[in-house]
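Engineer: model the following, please.
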Amino acid sequence: MVGRESFKDTVFWINEVQYRSPGASIFLVGAKKDASHVIPLSTQLQQASSFGVTHYACSAHEGDNIHEMFADALKKYLKRQRNKKR
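Structural biologist: Residues are numbered from 1 along each chain as shown. A predicted model of the protein is given here:
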């Protein structure tokens, strides 16, 4: 995650999603983890933990955690769909 303003905005957006879609799976994705001017990982993790959301530090350039993040999102989606059918 690179932009400080974007990082600050996550507070608004996480609250918005939690309010409008209770129980939705939310991911805080720190993109561009390979950049030199990144929001510290500890700060990202603290933010994710404070909201109880999943965090991934990703780099499309290096291919880090991209597949894992989408696999986790798909797994959570499918689990939610199965639970709806019960």
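
Engineer: which residues in the protein form helices?
Structural biologist: 4-20, 41-51, 66-85 (DSSP state H).

Engineer: which one, of those helices, ends up nearest to Ala60?
Structural biologist: helix 66-85 (6.2 Å; CB to CB). C-beta here means a position set from N, CA and C on the backbone, and glycine is covered the same way.

Engineer: residues of the closest one that come out buried?
Structural biologist: Met69 (16 or more other CB atoms under 10 Å).

Engineer: related to what we said a few turns ago, dump the helices of the chain to TSV, plus distance to Ser59 and mean pLDDT.
Structural biologist: Output for the helices of the chain, formatted as TSV (distance: least, CB to CB, whole Å; pLDDT from 0 to 100):
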stretch	distance to Ser59	mean pLDDT
helix 4-20	16	92
helix 41-51	12	92
helix 66-85	8	92
